[in-house]
Every structure is written in structure tokens, then in C-alpha cells.
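[1] Attaching a predicted model along with its sequence, questions to come.
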Amino acid sequence: MLVAAAVCPCPPLLVPEVAAGAASELDAARTACIDALGVLAAARPDLLIVIGPADVDGRGPHPEGAKGSFKGFGVDLDVRLGLGGDPGAPVERPLPPSLAVGAWLLARADWADAPVEGLGVGETLEAERCAIAGREVAARAGRVALLVMGDGSACRTLKAPGYLDERAVSFDTEVSRALAAADLATLSALEESLAYELKVAGRAPWQVLAGAAEGAGLSGRLLYEDAPYGVGYMVATWF
């Protein structure tokens, strides 16, 4: 059963070594993410699952100890998912960037409260399949916590990765309100085609969260919302 969740953005720029000289611009987001992880620890879960968007190679489950890297972003920095597994084992399937950022956050927060696994989901996964995946995740243990990685629209400004789309702000505002209220219906009803057009990386992970939270009776709290670099970033907790 789901007992707590934290929602965080997943840009590699969240990692200071990747952001380099611009690292301070996301200090508030990083602080909010660490605060959100504190809520997960306080819930005393039996299992923590990190969920994030992934391409074909990164989709599906990732075991504790799975490794990721930021070398593709010009930084010689490796991460591991949780404390289990063999540190010297070869990398069979690297973590997708979203889960690598999640692993970095957990290491920064000194997470040692429960076993950690990962789940990469396709950004185009249909809403109903997201809900099914969420229900399956929630049934994995008696007390399950989720770290849900995902960004809002990448079309918030003229200089955004997806350029300016006038629909972006209203979409992100709706998501922020839903995360703040733990509104499962609104998250479940997010339009897949619109999210794709607005380059929203978090739609599928958020809908997995909504499926996992069915019947859990959780309350929400929004800790951070902003759009640096023209991309919507949100941090929330459900508990």
C-alpha cells in the first residue's frame, strides 16, 4: 500500500556538477527535493520505488544497486540506486537520466531507510496502463513510498527547449494544483496528446502515482513551483 510519495523534477541540471556555474539557480528546487525526501523517510516505508520517464532502453524495472552516470552530460559522476547490490558489478543496463537524478537526490539525502528500486516508464504510456502500473507498484509491499521524477512543460518561454506555447502555463498550473491537493482524478485525466505537444516529461510518472494512490487517502502539499529555463519544475509531497 502506498503510504507516502515525493514528486520532484528530473533535469540533470539539478546536479550541481552538471549545472556548473548556473548551479545556484536551482538551489531552491534542490532544497525542496531534500525536504520532500524527509517526508518519505518519516513514513517508514518497507520499499521505496523511484519512478521516472525513460526511453526504450531504460524502461522497466531497475534493481537496487543499479548504476547511472552523468558522463553523457560532460561530468565524470556515477550514481547507484540505493545501498544494496554489488558496487563492483558490471553495468548491465544503466539508469535512465531521470532515475539517475533520483539516485543522486537519495545519496545527497543519505537515504538508508528502506530498500530502493527503480521503474522507468515511457513518456507516451497510455493513462490506463499508467494506472495499472501504479496499482502493481503499490501492492509490492505493506508500506510503499514513491519518489516520482518528472518535469512539467518545456514550452514556458521563448527560450525554452520547446519554444513558447501559450497553453503551457495553464497545463502546469493544473498539475501544480492537483499535486498540492493529491487530486487523483485530475492527474489521471491529463491529456496525453497535449502533454506530448507541450514536451511534458512527467505526465506518465504522475499518472502512475495516481494509480498507486487509489484508496490510500493521502493528502498533498506543494513545496516548490517555478519555471527556470522555461521548463516547469514542481516539488510536492503526499502523505
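    Good, I have the coordinates. Numbers count the residues shown, from 1 in each chain.

[2] Could you use CA atoms for every contact and neighbour count after this?
    OK.

[3] Next one, pLDDT for the residue nearest to the spatial centre of the chain please.
    Centroid check for the chain by C-alpha atoms, centre = their mean gives Met149 as the closest residue, at 0.6 Å. Met149 is assigned a predicted lDDT (pLDDT) of 99.

[4] quick one: it and Gly102 touch, right?
    Yes - at 6.9 Å, Met149 counts as touching Gly102 under the criterion of C-alpha atoms under 8 Å.

[5] okay, and the common contacts of the two?
    Cys10, Val50 (C-alpha atoms under 8 Å, 6 or more residues apart in numbering).

[6] For the chain, which segments count as strands?
    2-8, 47-53, 60-62, 67-69, 78-80, 116-121, 144-149, 220-226, 233-238 (DSSP state E).

[7] what's the distance between Ser193 and Ala204?
    12 Å (C-alpha to C-alpha, to the nearest Å).

[8] looking at the strands of the chain, which is closest to Ala213?
    strand 2-8 (6.0 Å; C-alpha to C-alpha).

[9] elements contacting that closest one?
    helix 27-42, strand 144-149, strand 233-238 (3 or more C-alpha pairs under 8 Å, 6 or more residues apart in numbering; DSSP states H and E).

[10] In stretch 59-72, which residues are buried?
    Of the residues in stretch 59-72, Arg59, His62, Pro63, Glu64, Gly65, Ala66, Lys67, Gly68, Ser69, Phe70 count as buried by neighbour count, 16 or more other C-alpha atoms under 10 Å.

[11] my bad, stretch 25-42
    Leu26, Ala29, Arg30, Ala32, Cys33, Ile34, Asp35, Ala36, Leu37, Val39, Leu40, Ala41.

[12] Using a markdown table, lay out those residues together with distance to Ala138.
    Below are the buried residues of stretch 25-42 laid out as a markdown table (distance: C-alpha to C-alpha, whole Å):
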| residue | distance to Ala138 |
| --- | --- |
| Leu26 | 31 |
| Ala29 | 27 |
| Arg30 | 26 |
| Ala32 | 24 |
| Cys33 | 22 |
| Ile34 | 23 |
| Asp35 | 23 |
| Ala36 | 19 |
| Leu37 | 18 |
| Val39 | 17 |
| Leu40 | 14 |
| Ala41 | 17 |
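
[13] Any chance of the strands of the chain in JSON lines with distance to Gly211 as columns?
    Formatted as JSON lines, the strands of the chain follow (distance: least, C-alpha to C-alpha, whole Å):
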{"stretch": "strand 2-8", "distance to Gly211": "10"}
{"stretch": "strand 47-53", "distance to Gly211": "13"}
{"stretch": "strand 60-62", "distance to Gly211": "17"}
{"stretch": "strand 67-69", "distance to Gly211": "27"}
{"stretch": "strand 78-80", "distance to Gly211": "27"}
{"stretch": "strand 116-121", "distance to Gly211": "14"}
{"stretch": "strand 144-149", "distance to Gly211": "12"}
{"stretch": "strand 220-226", "distance to Gly211": "15"}
{"stretch": "strand 233-238", "distance to Gly211": "13"}
